[in-house]
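Can you look at this prediction? I've put the sequence above it.
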Amino acid sequence: MSEKTAFPLTLDTPLQYVKGVGPLIAQRLAKLNLHTAGDLLRHYPRRWEDRTLFAHAAQLRGGEFVTLCGLPLSVSTTQPRPGLSLTKALLDDQGAAVMLVWFNQPYMEQVFRKLITAKHPVVVYGQAKRSGMIVEIQNPEWEPLDETGDSLSSGRITPVYPATEGITQARLRRLTDHVLRECLPLIDEPLPPELRQRYRLIELREALQNIHYPTTFEALDAARRRLVFEEFFFMQLYLALQRHKLHTNSQGIRFHVSLEKLHQSLQAVLPFPLTKAQQRAIAEIASDMSSGHLMNRLVQGDVGSGKTMVALAAILMTVQNGYQAALMAPTEILAQQHAIVLQRLLAPLHLRVELAIGSLSKREKQEVYERLRTGESLIAVGTHALIQEEVGFARLGLAIIDEQHRFGVLQRRALSRKGDQPHVLVMTATPIPRTLTLTLYGDLDVSVLDELPPGRKPITTHWRSRSKREQVYAAAERLLSDGRQAYIVCPLIEESEKLEAQSAAKLYDYIANKVYPHRRVGLLHGQMPPSEKEQVMLRFKAHELDVLVSTTVIEVGIDVPNASIIIIEDADRFGLAQLHQLRGRVGRGEYPSYCILLADPKTPEGKARMEIMVKTCDGFRIADEDLQLRGPGEFLGTKQSGLPNLHIADLLADRDVLVETRTAAFELVKQDPTLSSPQHRTLREALQRMHTHLELASVS
Ligand code: ADP
Ligand code: MG
């Protein structure tokens, strides 16, 4: 041991060389992602327990979490049945009996025998249960009473750490305590004094000391506030710098836009007045595109809020300036639908809309590509086909990505690379709570369409047990006989599209032959060739089909106003956002519409989710509740989370601090966009350490 303490501990010392840690423990700590002494300081407690006072066993009723001190008197192990051993140790707490119980830890017997022989009192922490005269604590945390009285685990507010196998709380406490003693003086304060003062933040050293070993709960709060602030602040600072770079370094094409004239052209082509929210979004886009800087804007709008019209306005501004516009959608059906809508509206202005999708013939593709390359056509709508290598534009001025959550970042970039710094507009119908927008899209400007066009009939949502499905089909039949159409959505099978297709075919069989033999029923799933899918979709749209049995391929954007009921099988398997999207397939016309969720969720969370759907049709509220229920990681799905790694801050609980840091960071970057003033040196260095891989060098 002695040679390990011979050289002084620094923040970068590998844990293996820290006193009390060897290769084995170091390996276990590595599982917690702890590699250096400094990592331990940032291994924040999961919670804290108030162990400032010892309880007295005689006064306990049972149920309370307590810290006790007692003298071990006896210990024994029994084996009530094979595979289960019980070790019980009896303590004397000033005349009252306390029984400690361990399951399948027979070695505790040896440990306690020694303590009994040595007459060494122990400190115990756990939940008390009372049975008669005896207080029992199962699987207690415990340690021998420290003779100096300076125990890390008792008589104080005690940290409880995220732990792993083979690492006890007691060990983590000894380690953090040791590293704090040795390394705290080596820690530099990254936040400038004005900032700390302005936002009432204590110093980092004090915060680290108190986050592990707070003297009072007030001290703990102050420490936590400081560390949460710091974590959010650096994230926002990074985003603010990114955005600043985008706005200044990258010159955008300056369009000349007269909002008045634009509105005149829009009113001339649109059969309805724009909503206030649409007008606001369009004005924001116009201001971006005429600023001389690059536009990077996200339009968030609930299903049916009319994002396509906002896209149309942006396209008009672009073509009126002689530039080309491209709109990319995630599916062929959707691309086609957009092309049809836009072509119909733009025809009077003698504008041609090109459709670029995979299922075109080679010849057709070549012709489309030719007209885009020469600039003869100004508007392209398509799928991924738009970002194929062969596609080029004469002068792309605007790239629009619809339903952006379906695309990866690279695909989005690929579209804008088709031009020389075109403006970028991304649209999403998956409402994202504000807290997440701030962290995920902090470098984008956001327009929110928080208003539906007037005259929409609310969608009535019911949640029914699967056992009621026949009644549900019968109710739908009444709508069908009134001339309406119905969607029936098959259970989601995430693991395999093939299995999903099979189950869809089975459901289709049942619906077509047993439930609605007299109706025209169609089937749509992901394994069908695109042309066939499109055929089915078009037939449904033309009302050549009454019922469409489908997987989630209909989720995005399909518009069939005559469809007035959607029945979702095994609804509890879907995410709330997805259910909301699916529900948005109905209620698009003049008819009262219904959404029926067939589900028998087993968990309280599952039930809560069904109830949210029944209660509200507001996508933002659903998103908020979903986020509360599932937490940010689950909410966004691991696939595309892109969430920053937060060690202490909580996106939900600490959202006020998040908003505060956003203001602070954006103000700071406004004053000092390169962080080059002397009082920002520490900030700059800290940020550089965090983002070595993120081209921060270009800030200089
Ligand atoms: P989403 O935001 O889901 O993409 P869409 O752009 O598909 O919504 O619009 C949904 C429907 O609402 C379309 O049928 C569209 O024609 C209609 N719509 C859009 N804007 C308005 C408006 N201002 N007034 C009335 N109907 C509108
Ligand atoms: Mg849409």
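Yes, it's here. Given the structure is predicted, the values throughout are model-derived calculations rather than measurements. Ligands and ions are numbered 1, 2, ... in the order given.

my guess is R352 meets I379, correct?
Yes: applying C-beta atoms under 8 Å, one finds R352 in contact with I379, separated by 7.0 Å. Glycine gets a C-beta too; all of them are placed from N, C-alpha and C.

Which one's more surrounded, those two?
More crowded of R352 and I379, by other C-beta atoms under 10 Å: I379, with 24 against 12.

just checking, the more buried one touches I315?
Yes: the criterion here is C-beta under 8 Å, and I379 meets it with I315 at 6.1 Å.

where do the contact lists of the two overlap?
Listed as contacting both I379 and I315 by C-beta atoms under 8 Å, 6 or more residues apart in numbering are 325, 327, 342.

Does the first one lie in a helix or a strand, and which?
Using DSSP states H and E, A325 sits in strand 324-328.

how far is that strand from where the chain is centred?
In terms of C-alpha atoms, centre = their mean, to the nearest Å, the centre of strand 324-328 is set 29 Å apart from its chain centre.

Check whether it comes near ligand 2.
No: Strand 324-328 stays clear of ligand 2 (C-beta under 5 Å from the ion), getting no nearer than 10.5 Å.

Relative to that strand, what are the paired strands and their orientations?
Listed by DSSP bridges, the sheet partners of strand 324-328 and their directions read strand 379-382 (parallel), strand 396-401 (parallel).

Which of these sits closest to L175?
strand 396-401 (48.5 Å; C-beta to C-beta).

Quick check: buried residues in that closest one?
Counting neighbours by 16 or more other C-beta atoms under 10 Å, one finds that the buried residues in strand 396-401 are 396-401.

Mind listing residues that contact it?
Taking C-beta under 8 Å, 6+ apart as the rule, strand 396-401 contacts 253, 255, 289, 311, 314-315, 317-318, 321, 323-328, 407, 412, 415-416, 418-420, 422-427.

re earlier: determine which of the strands paired with strand 324-328 approaches ligand 1 most closely.
strand 396-401 (11.7 Å; C-beta to the nearest ligand atom).

Could I get the average pLDDT for that closest one?
Average pLDDT, strand 396-401: 96.

Is that strand positioned near ligand 2?
No: judged by C-beta under 5 Å from the ion, strand 396-401 stays clear of ligand 2, getting no closer than 11.0 Å.

Can you list the buried residues in the helix or strand just after that strand?
The first helix or strand that comes after strand 396-401 along the chain, using DSSP H and E, is helix 409-416. Of all the residues in helix 409-416, those buried under the rule 16+ other C-beta under 10 Å are 411-412, 414-416.

Show me what helix 409-416 is packed against.
strand 324-328, strand 396-401, strand 423-428 (3 or more C-beta pairs under 8 Å, 6 or more residues apart in numbering; DSSP states H and E).

care to break the chain down by domain?
Here the domain parsing of the chain from automatic domain parsing is 1-52+156-184, 53-154, 259-449, 459-616.

Now render those domains as TSV, adding distance to P673.
Converted to TSV, the domains of the chain look like this (distance: least, C-beta to C-beta, whole Å):
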stretch	distance to P673
domain 1-52+156-184	29
domain 53-154	46
domain 259-449	14
domain 459-616	36
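
Could you dump the ones you listed into a markdown table with distance to ligand 1 added?
Listed next are the domains of the chain as a markdown table, based on distance: least, C-beta to the nearest ligand atom, whole Å:
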| stretch | distance to ligand 1 |
| --- | --- |
| domain 1-52+156-184 | 42 |
| domain 53-154 | 51 |
| domain 259-449 | 3 |
| domain 459-616 | 5 |
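
Got a ChimeraX select line for the buried ones in the contacts of strand 396-401?
Remark: buried members of those, expressed as a ChimeraX selection using 16+ other C-beta under 10 Å:
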select :253,255,289,311,314,315,317,318,321,323,324,325,326,327,328,407,412,415,416,418,419,422,423,424,425,426,427
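
Got the phi and psi for Y510?
phi -60, psi -50 (degrees, to the nearest 10).

what number of residues lie near it?
13.

pLDDT wise, what is it at?
At Y510, the pLDDT value in this model is 96.

Same question for R352.
94.

got it, and G637?
Confidence at G637, expressed as pLDDT, is 56.

what do you get for S151?
pLDDT, read off for S151, is 64.

sorry, back to before: any idea of the angle the helix or strand just after the strand holding A325 forms with strand 324-328?
Sequence order places helix 332-346 as the next helix or strand after strand 324-328, per DSSP H and E. Here the directions of helix 332-346 and strand 324-328 differ by 140 degrees (axes from the mean of the first three to the mean of the last three C-alpha atoms, to 10 degrees).

Note down every partner strand of whatever helix or strand comes next after helix 332-346 and its orientation.
Once the chain leaves helix 332-346, the next helix or strand it forms, by DSSP H and E, is strand 353-356. Using DSSP bridges, the strands paired with strand 353-356 are strand 379-382 (parallel).

quick one: the partner strand to chain centroid distance?
That offset, for strand 379-382, works out to 31 Å (C-alpha atoms, centre = their mean).

just to revisit the earlier point, quickly name whichever of the shared contacts of I379 and I315 is closest to R205.
Of those, the one sitting nearest to R205 (C-beta to C-beta) turns out to be L327, at 53.7 Å.

who's in contact with that closest one?
L327 touches 311, 315, 338, 342, 379-382, 400-402, counting by C-beta under 8 Å, 6+ apart.

Next: L34.
Here L34 is in contact with 15, 40, 43 (C-beta under 8 Å, 6+ apart).

Correct me if wrong: the first one contacts K31.
So that's L15. No: taking C-beta under 8 Å as the definition, L15 is not a contact partner of K31, at 11.8 Å.

tell me how far the ends of stretch 474-494 are from each other?
29 Å (C-alpha to C-alpha, to the nearest Å).

Just the buried positions in it, please.
475-477, 479-480, 484-493.

show me what contacts the closest residue to D50 other than its chain neighbours?
Spatial nearest neighbour of D50, excluding adjacent residues (C-beta to C-beta, 6 or more residues apart in numbering): I157 at 5.8 Å. When contacts are counted by C-beta under 8 Å, 6+ apart, I157 is found next to 48-52, 213-217, 220.

so can I have TSV of those residues showing neighbour count, distance to ligand 2 and secondary structure?
Shown next, in TSV, are the contacts of I157 (neighbours: other C-beta atoms under 10 Å; distance: C-beta to the ion, whole Å; DSSP: H, G, I helix; E, B strand; the rest coil):
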residue	neighbour count	distance to ligand 2	secondary structure
W48	18	48	strand
E49	18	51	strand
D50	11	53	strand
R51	21	56	coil
T52	14	58	coil
Y213	21	54	coil
P214	21	51	coil
T215	12	56	coil
T216	11	54	coil
F217	12	50	helix
L220	20	48	helix
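
out of those residues, which one sits closest to D450?
Within the contacts of I157, distances to D450 taken as C-beta to C-beta reach their minimum at L220, with 38.6 Å.

My read is that A476 contacts D482, right?
No: at 10.7 Å, A476 does not count as touching D482 under the criterion of C-beta under 8 Å.

residue farthest from the centroid of this protein?
Computed with C-alpha atoms, centre = their mean, the residue of the chain farthest from its C-alpha average is T117, at 55.3 Å.

Point me to the helix or strand that includes that residue.
Going by DSSP H and E, T117 is in helix 108-118.

list the buried ones in that helix?
For helix 108-118, the neighbour count (16+ other C-beta under 10 Å) marks 108-109, 111-112, 115-116 as buried.

again, but for stretch 292-306
Of the residues in stretch 292-306, those buried (16+ other C-beta under 10 Å) are 293-306.

same check, this time on stretch 120-133
By neighbour count with 16+ other C-beta under 10 Å, stretch 120-133 contains the buried residues 121-126, 128-129.

Please apply the same query to stretch 53-64.
The neighbour-count check on stretch 53-64 (16+ other C-beta under 10 Å) flags 54-57, 60 as buried.

any idea how far V472 lies from I565?
Counting by C-beta to C-beta, to the nearest Å, the gap from V472 to I565 is 9 Å.

quick one on the thing from earlier: mind listing which of the buried residues of stretch 53-64 are in helices?
Among the buried residues of stretch 53-64, no member falls in helices (DSSP state H).

circling back to that earlier point, give me the mean pLDDT for the helix holding T117.
Rounded mean pLDDT across helix 108-118 is 94.
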